[in-house]
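>>> Sharing a model prediction with you, sequence too.
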Amino acid sequence: MQETSMPSELDLALMHALQLQPRASWSELAPLLGVTASTLARRWERLSTKGLAWVYAAPGRAFSRTRCTAFVLLRCRPGARQRLAEQVSAFEEVVTAELTAPGSADLLLDVLAPDAARLTHFLTERLDGLPEVSAVECLFATSLYTEGSRWRLHSLDSAQLGALGPPGAGVREAASSAELDRLDHALLDALVRDGRLGLAALAERTGTSAATVRRRVHRLTDSGVILFRCDMAPHLTGLPVSVTFRGQAPASDLNTLHRTLATLPECRLVAAVTGTTNVLATFWLRDIGDIERRETAMCARLPSLTIADRIVGLRTVKRMGHLLDGTGRRTGTRPIRPW
């Protein structure tokens, strides 16, 4: 029987803590949340087993500097939307696939590739070759100001946040990421599926020692190759409606505009993009009526911004490599390999 109850305050606090410190041990988090480590372990086992929340490795800061990100809008033949969504979700270049309300697109994809040549090949050889696809529009991201790993539940109080410390504490900036070898890729494949795998489990899966795994994982995070994220089913957030605004603003205003949008609590993503518009922003909202209210408030605060399109998400089929059912619960993983 499908569970419909809302999460407890402890569940929300636990997920918020894991957004900040995704690989923290239960014994580290227990004093902050006022329960025992075994209680947290049981809570997380329940949340993850039911597909309500999950931790995983995702591309880090170095990716946006050295790789290619694009947002792809697909139109398809009548009656083919669900089938096409399942087809494109099988591609490792497609990290997120969302069915959208009828309008300018039938599907919205987030696509990551190691370089422009690989992205071009994916667009022209793989997407164009699908018989269900009738039109493709590609928006290259020229700057990514914020994305989903920075969005927070806001369930912890200031004392708890202070005790946890800033997310990614101790991570060093790197000018460029090191070359990845076979072991790195094996670790990435395992951590994309489950970002809380311990050192011993990772060592067993990759045929090396726990000490080597510790060094490699630290190197991957310190260099910005990966970061760890905690995601959850949309109904747990209280913000089940996804809308992506496409807008236009003068180039001279873009930096200020994007930084302003990124501070809004419902904002999941803000990017400068190519194409007929130069602003792309995704928000998670409480209900459909919030779309108009958010747009009105946004344009009042940013008078140089003109909204050209509103793409309403009906269902996310795949998010950062994880397959979701109609309620937003994780049902499986199609690992992404953009590195």
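That came in fine, so what should we check first? Computed from a prediction, not measured in an experiment: that's the story for all the values here.
>>> shaky segments in the stretch 101-250 of the chain?
Residue ranges of the stretch 101-250 of the chain with pLDDT under 70: 167-178.
>>> what about 50?
Where the stretch 101-250 of the chain drops to pLDDT under 50, the residues are 169-171, 173-177.
>>> so where do the strands sit in it?
107-113, 133-146, 226-232, 241-248 (DSSP state E, counting those that start in this stretch).
>>> tell me the contacts of the residue most central in space within the chain?
In the chain, the residue lying closest to the centroid (Cα atoms, centre = their mean) is G148, at 4.4 Å. By Cβ atoms under 8 Å, 6 or more residues apart in numbering, the contact set of G148 is R229, D231, R268, L269, M320. Yep, even glycine has a C-beta here, placed from its N, CA and C like the rest.
>>> same thing with R152?
H16, Q19, L20.
>>> Now do the contacts for F283.
S242, V243, T244, F245, L264, E266, C267, R268, R294.
>>> Run through the bridge partners of the first one.
With DSSP bridges applied, S242 shows beta-bridge pairing to W284, G313.
>>> That one: how many residues sit nearby?
20 (other Cβ atoms under 10 Å).
>>> do the fifth one as well
Other residues near L264 come to 16 when the count uses other Cβ under 10 Å.
>>> Repeat that for the last one.
When counting by other Cβ under 10 Å, one arrives at 20 neighbours for R294.
>>> so where does it fall, helix or strand?
Applying DSSP states H and E as the criterion places R294 in helix 289-301.
>>> which residues are in contact with that helix?
Under Cβ under 8 Å, 6+ apart, the answer for helix 289-301 is 241, 243, 245, 260-261, 264, 266, 283, 285, 305-307, 310, 312.
>>> can you put the residues you listed in JSON lines and add distance to G129?
What follows is the contacts of helix 289-301, written out as JSON lines (distance: Cβ to Cβ, whole Å):
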{"residue": "V241", "distance to G129": "33"}
{"residue": "V243", "distance to G129": "30"}
{"residue": "F245", "distance to G129": "31"}
{"residue": "T260", "distance to G129": "41"}
{"residue": "L261", "distance to G129": "36"}
{"residue": "L264", "distance to G129": "39"}
{"residue": "E266", "distance to G129": "37"}
{"residue": "F283", "distance to G129": "33"}
{"residue": "L285", "distance to G129": "36"}
{"residue": "L305", "distance to G129": "37"}
{"residue": "T306", "distance to G129": "36"}
{"residue": "I307", "distance to G129": "34"}
{"residue": "R310", "distance to G129": "30"}
{"residue": "V312", "distance to G129": "28"}
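>>> Show me which of the residues you listed are buried.
Burial of the contacts of helix 289-301 was assessed by neighbour count (16 or more other Cβ atoms under 10 Å); the buried members are 241, 243, 245, 260-261, 264, 266, 283, 285, 305, 307, 310, 312.
>>> how about the helices of the stretch 101-250 of the chain, start to end?
In the stretch 101-250 of the chain, the segments counted as helices under DSSP state H, counting those that start in this stretch are 116-121, 158-164, 182-193, 199-206, 210-222, 234-237.
>>> quick one: secondary structure of A17?
helix (DSSP: H, G, I helix; E, B strand; the rest coil).
>>> isn't it right next to L164, touching?
Yes - using Cβ atoms under 8 Å, A17 is in contact with L164, at 6.3 Å.
>>> Comparing those two, which shows the higher neighbour count?
Ranked by neighbour count (other Cβ under 10 Å), A17 and L164 place A17 first, with 24 against 19.
>>> I'd like the distance between that one and G51.
Note on A17: its distance to G51, by Cβ to Cβ, to the nearest Å, is 20 Å.
>>> What strand or helix carries the closest residue to S89 other than its chain neighbours?
Distances taken as Cβ to Cβ, 6 or more residues apart in numbering place K318 nearest to S89, at 4.2 Å, with adjacent residues excluded. Assigned by DSSP H and E, K318 belongs to strand 306-319.
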